[in-house]
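>>> Build me a model from this:
(one chain, ligands or ions: 1)
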Amino acid sequence: MNEKIELIKDGKRLDGRRFDEIRDISMKVGVLKKASGSAYIEWGKNKVLAGVYGPRELHPKFLQNPTRALLRCTYNLAPFSVDDRKKPGPDRRSVEISKVTAEALESVVMVERYPNTVIDVFMEVLQADAGTRCVGLTAASLALADAGIPMKDLVSACAAGKVDGEIVVDLMKEEDNYGECDLPLAVIPRKNEVVLLQMDGKLTREEFDKTYRLALNGAMKVYEMQKETLKARIEHIMGEDNGY
Ligand code: ADP
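Here you go, the predicted model:
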């Protein structure tokens with residue numbers, strides 16, 4: 001059982017944020033030369049790299065689907081990403097996050113355009129400080145866009161939760177560890193369609209509504225940043241001296 005620590009003092013959170021304030025975020029796309037698409041996000045103390053490979057022919061052949069591509073996601077927490085060295089390789093948690101990420105992304109990626117193929121999406125968490133599934137999903141959707149894979153929209157994510165009895169957005173590690181509830185959410189912003197919603201802890205109906213709204217608001221802010229990041233990348237490419 002975790003020892004209780006005071007997470008809110010004088011109406012402020014441990015890192016000085018307001019209840020409705022997300023952590024500082026910086027995003028970049030096109031960071032890996034050899035991947036079809038890539039993105040790197042620093043979100044608070046989280047550092048996550050996403051790389052996309054494909055679409056390419058799927059092997060073994062019996063896994064191929066003649067009507068669509070397989071969207072295969074792999075979330076990995078690096079051994080050096082957390083305080084106590086994490087045992088390398090997959091575990092229950094990473095398998096779960098990989099699965100929910102693939103399901104969320106499948107609702108936007110036009111997989112039917114690439115029959116018999118696989119699109120591999122890797123999310124490498126280099127430094128973790130809670131909310132990494134939201135960061136991973138946000139980075140993965142940027143990397144897919146960077147790869148030029150047709151999508152109906154981006155997927156944007158953010159968590160909210162309950163800490164010392166208060167509803168707050170975008171929990172950091174201490175809040176996630178010692179708080180009462182964490183609710184990660186991902187959305188297709190243009191359709192306002194929720195594609196990931198998980199909850200660890202308990203909330204009343206009223207608290208849930210408030211938490212949900214805060215997470216959704218956070219995800220919408222993330223969406224604006226994602227669009228800005230992609231726009232800046234295109235402007236950079238257009239501005240490059242390409243011989244014309
Ligand atoms: P998320 O990162 O999406 O919030 P969790 O709620 O499962 O997912 O994890 C919260 C945080 O706990 C992670 O961001 C990470 O900082 C830490 N954590 C998760 N798994 C481990 C682990 N195996 N060893 C040490 N810390 C971990």
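
>>> from the chain's centre, how far out does the longest helix seen in the chain sit?
When the chain is parsed with DSSP state H, its longest helix is helix 205-239. Relative to its chain's centre, helix 205-239 lies at 11 Å (CA atoms, centre = their mean, to the nearest Å).

>>> Report all helices and strands that that helix contacts.
strand 25-29, helix 132-146, strand 156-163, strand 166-169, strand 181-188 (3 or more CB pairs under 8 Å, 6 or more residues apart in numbering; DSSP states H and E). In short, each C-beta sits where N, CA and C put it, glycine included.

>>> Ok, which of the ones you listed comes nearest the ligand?
Smallest distance to the ligand across the helices and strands packed on helix 205-239 (CB to the nearest ligand atom): 3.3 Å, for helix 132-146.

>>> angle of the closest one against strand 25-29?
Calculated by axes from the mean of the first three to the mean of the last three CA atoms, to 10 degrees, helix 132-146 forms an angle of 30 degrees with strand 25-29.

>>> wait, does helix 132-146 contact the ligand?
Yes. Helix 132-146 reaches the ligand (CB under 6 Å from any ligand atom) through Thr132, Arg133.

>>> which residues touch the closest residue to Cys181 other than its chain neighbours?
Counting by CB to CB, 6 or more residues apart in numbering, Gly201 is the residue found nearest to Cys181 once chain neighbours are left out, at 2.9 Å. By CB atoms under 8 Å, 6 or more residues apart in numbering, the residues touching Gly201 are Gly161, Lys162, Gly179, Glu180, Cys181, Asp182, Leu183.

>>> can you tell me how far the fourth one sits from Leu137?
Distance of Glu180 to Leu137, given as CB to CB, to the nearest Å: 24 Å.

>>> again with the fifth one
Computed with CB to CB, the distance linking Cys181 and Leu137 is 20 Å.
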